[in-house]
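Asks: starting from these lines, generate the structure:
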Amino acid sequence: MRPRAQAGFSLLEVVVVLVILGITSAMAIPRTMSGGGASINAGYEAQRLASDLRHAQTLARSGGKCTRLSVASASSYSVTSAAGSAQCTATPWTNVTSPAKNGLFSITLKNGVSVSAPAAVTFNPAGAPLAAVQLSVTGGGKTYTVSVAALTGYVSIT
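Replies: The predicted structure is shown next:
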């Protein structure tokens, strides 16, 4: 009796092919996404800016003093609060600690993303903004508008 011929691939061959495909796709996907990466980052940065505005508003209410989100440049912003005063015109403004970093609440946007805005968004001790504000976050050909409503302080993204 002759031994039967086996057809198919061994487990080792299949594993090697899957590993090679995994490595190749891990290298190819970021290259194909390069055109859309900045627009994805812009959406992420708009969400983060809205979240940081809500956090500044909460800090104003819970701390009983004015809190400000200041746009330092087209690629960064920071959160500060009025030093020892409930007055929104008070100076100096002190740095706020970031809950994520346990350090200065200063954010640098991802490459290719910019924010155009007024110099600052200030929340009074009740958490209401001093004025309605619209901030534009742009990247990869997409623009997101982060708005803060005047009376309620409601933060939205469009």
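Asks: pLDDT weak spots in this structure?
Replies: For the chain, applying pLDDT under 70 flags the ranges 1-3, 5, 30-39, 84-86, 90, 117-118.
Asks: in the longest helix along it, which residues are buried?
Replies: Assignment by DSSP state H gives helix 34-63 as the longest helix of the chain. Within helix 34-63, the residues that count as buried by 16 or more other C-beta atoms under 10 Å are 38-39, 41-46, 48-50, 52-53, 55-57, 59-61. The way it works is simple: take the backbone N, C-alpha and C, and place the C-beta from them, glycine included.
Asks: what's around Y144, how many residues?
Replies: By other C-beta atoms under 10 Å, 22 other residues sit near Y144.
Asks: helix or strand: which one has it?
Replies: strand 142-148 (DSSP states H and E).
Asks: what does the very next helix or strand once past that strand rub up against?
Replies: Next helix or strand after strand 142-148 toward the C-terminus (DSSP H and E): strand 155-157. If you take C-beta atoms under 8 Å, 6 or more residues apart in numbering as the criterion, strand 155-157 is touched by 46-47, 50, 53-54, 57, 144-149.
Asks: show me the beta-bridge partners of the residue nearest to L53 when sequence neighbours are not counted.
Replies: Distance criterion C-beta to C-beta, 6 or more residues apart in numbering; nearest residue to L53, sequence neighbours excluded, is V155 at 4.9 Å. Applying DSSP bridges to V155 yields these beta-bridge partners: V148.
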